[in-house]
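Q: Test case, fold it:
(one chain, ligands or ions: 1)
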Amino acid sequence: MTVTEQKFDALHKHRERLGKSRIADLFDAQRFDDFTATCGEILFDYSKTLLDTPARVALVELLESVNFNEKRSAFQNGEKINTTEDRAVQHMALRVMDGREIIIDGTNVTPDVLAVREAMARFARNVRDGSIAGQGGRFTDIVNIGIGGSDLGPAMATLALAPYHDGPAIHFVSNVDGADIVDVLEKVPAATTMFIVASKTFTTQETMTNAETARRWLVEHLGEEAVSNHFAALSTALDKTAAFGIREDRAFGFWDWVGGRYSVWSAIGLSLMIAIGPQRFDEFLSGAAAADEHFFSADPLDNVPVLMALVGVWHRNICGHATHAVLPYDNHLARFPAYLQQLDMESNGKRITKDGAAVDSETGPIVWGEPGTNGQHAFYQLIHQGTTIIPCDFLIAANPAKPIGDHHEKLVANALAQTEALMVGKTEEQVLKELSANGMNEVEAHRLAPHKAFPGNRPTCTFLYPELTPFVLGQLIALYEHKVFTQGVIWNVNSFDQWGVELGKELAGELLPLVKGEADGSGRNGSTLGLLDAFHAMRAKS
Ligand SMILES: O=P(O)(O)OC[C@H]1O[C@](O)(CO)[C@@H](O)[C@@H]1O
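A: Here you go, the predicted structure:
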């Protein structure tokens, strides 16, 4: 047994020791202080989990057994930790605010980072004040065309920071489904619309198809000469942006050490910067930088992303919980769960270790979620009474984005009520007592009681922050990024590649001629052939 296997084994023993213990029974006067940590003004509460002090000690020992400090330093120092693509991983360099040196491959990348950030800020300011204008005057609408990390980050953050939005309207087009771009083109005025083509590789099928469609539409409305003024690009492949016809001074670059799902801090954040202005964008970066500082310096028990990771490993590997729900009680974070799906599942959805062997423990959980209170009236039934235990993250702002009446107090009361109900539950005896107090006869009360009882003992973590400012949003995202990194270290997987998306892309390329009816499918499986035949028959009828 390796040392890490021994540590996992010890954790399983802690789970056995805790047996049928109730989370609620772990509470004493100290537990809240002891099982919370802060990153700046963000409070992370993991006291409503079935972890006690000895189990937590064992989790920290697990972390030590994988040489976490050494691996975190390698990450921080720009070593090529993305070993299957031979790349460093340094999205933290994009949020350096003090001009400090960041060395990658022997070169200080900070001057280039700052130069692009400054060029973006100039461009954003000029677009916002109208000194860069379209054929019809000041740009009223910006359409970001991108997918995955080139869409989810800016789309999530632009919605999250809606209260700070004082620039032109921003639209996001990602899907190759023509409905996505057509819906947007139907509502934007060509003469005052700018298209930002966001693609790290500038080869992604969905994005390039949408970009070509946007280009054709613009040319139809305004003529070929409009393209240079109505298009910008964000990419690591500046040769390709030029080939598309995008002016050099409208193409903003970044680097291969920025993963797509970690790229909102780079030029990919341009649409967000145009929405909220460069100063607010800097605050967003500063929040992430503050979370970096925290992650790279705090001791494990004070380190929020490390604790998030350890709690997650406890739930995934030791308790066997396969999914993880993210439940923002903050409507502007509606896209946060989708953003985290890519961040977490594309990073740690792996079955092979960094050494090329099959993993011997479960890796990334299924991440999902919706804002509260909406989810309460949809899927919370299963979280409370279903057969699967789902650890949840609740996110709560102390202050509302849009104060009105007592909405916010009601929202917060609901969030706290859910975490309490999930932990405490309600026994059949309690239900029986309530029903008979309400005058129900005994037979009927006994018939209903099992349905109305809640098992409780369902774990939750809560993030409480003063208000969803650009700074806090930057912090929150970076905390989850570093959680994902830490779990990747524990599972010994490469959190920075995504080969699992390739096969589907290849097959889509092969199938396109069949879908277009330009080739026959001999040799393909019966289901795909059957579906193709049915598809062509339906198309022929319409
Ligand atoms: O920015 P690009 O190169 O268009 O890629 C978009 C997305 O596609 C992926 O490579 C997965 O298909 C993501 O990792 C990435 O964010």
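
Q: Please count neighbours and contacts with C-alpha atoms only from this point.
A: OK.

Q: Around the ligand, pick out the residues from this protein.
A: 147-150, 199-202, 204, 260-261, 501 (CA under 6 Å from any ligand atom).

Q: Which of the residues you listed fall in helices?
A: With DSSP state H as the criterion, helices contain none of those.

Q: Could you turn the buried ones of these into a PyMOL selection?
A: In PyMOL, a selection of the buried entries from those looks like this (16 or more other CA atoms under 10 Å):
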select buried, resi 147+148+149+150+199+200+202+260+261
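
Q: Tabulate the residues of the chain next to the ligand in TSV, adding columns for pLDDT.
A: Formatted as TSV, the residues of the chain next to the ligand follow (pLDDT from 0 to 100):
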residue	pLDDT
Ile147	98
Gly148	98
Gly149	98
Ser150	98
Ser199	98
Lys200	97
Thr201	96
Phe202	97
Thr204	97
Gly260	98
Arg261	98
Val501	94
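
Q: quick one, what contacts the residue nearest the centre of the chain?
A: Nearest to the mean C-alpha position of the chain, by CA atoms, centre = their mean, lies Leu340 at 2.0 Å. By CA atoms under 8 Å, 6 or more residues apart in numbering, the residues touching Leu340 are 367, 480.

Q: any idea which of the residues of the chain next to the ligand is closest to Val113?
A: Lys200 (15.5 Å; CA to CA).

Q: does the closest one really touch Asp151, like I thought?
A: No. Using CA atoms under 8 Å as the test, Lys200 is too far from Asp151 to be in contact (11.0 Å).

Q: hmm, back to that, so how far is His315 from the residue nearest to the centre of the chain?
A: 18 Å (CA to CA, to the nearest Å).

Q: looking at the protein, which residue lies furthest from center?
A: Asn441 (50.4 Å).

Q: which phi and psi does that one have?
A: phi -70, psi 160 (degrees, to the nearest 10).

Q: can you count the residues close to Gly223?
A: Neighbourhood size, Gly223 [other CA atoms under 10 Å]: 12.

Q: Can you check the distance spanned by stretch 486-504, start to finish?
A: Start-to-end, stretch 486-504 (CA to CA) is 29 Å.

Q: buried residues in it?
A: 486-498.

Q: next one: stretch 54-70
A: Across stretch 54-70, burial judged by 16+ other CA under 10 Å covers 55-56, 58-66, 68.

Q: same thing with stretch 411-420?
A: Going by 16+ other CA under 10 Å, stretch 411-420 has these buried residues: 411-412, 414-415, 418-420.

Q: Using CSV, please lay out those residues together with pLDDT.
A: Formatted as CSV, these follow (pLDDT from 0 to 100):
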residue, pLDDT
Leu411, 98
Val412, 98
Asn414, 98
Ala415, 98
Gln418, 98
Thr419, 98
Glu420, 98
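
Q: Next step: the residues you listed restricted to helices.
A: Short answer: the buried residues of stretch 411-420 in helices (DSSP H) are 411-412, 414-415, 418-420.

Q: Nearest to Glu362 among these?
A: Nearest to Glu362 among those, with distances taken as CA to CA, is Thr419, at 26.0 Å.

Q: which residues does the closest one contact?
A: Counted by CA under 8 Å, 6+ apart, Thr419 has contacts 48, 394, 460.

Q: Could I get those residues in JSON lines, plus columns for secondary structure and pLDDT?
A: Conversion of the contacts of Thr419 to JSON lines gives the following (DSSP: H, G, I helix; E, B strand; the rest coil; pLDDT from 0 to 100):
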{"residue": "Lys48", "secondary structure": "coil", "pLDDT": "98"}
{"residue": "Phe394", "secondary structure": "strand", "pLDDT": "98"}
{"residue": "Thr460", "secondary structure": "strand", "pLDDT": "98"}
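
Q: Nice, that's everything, thank you.
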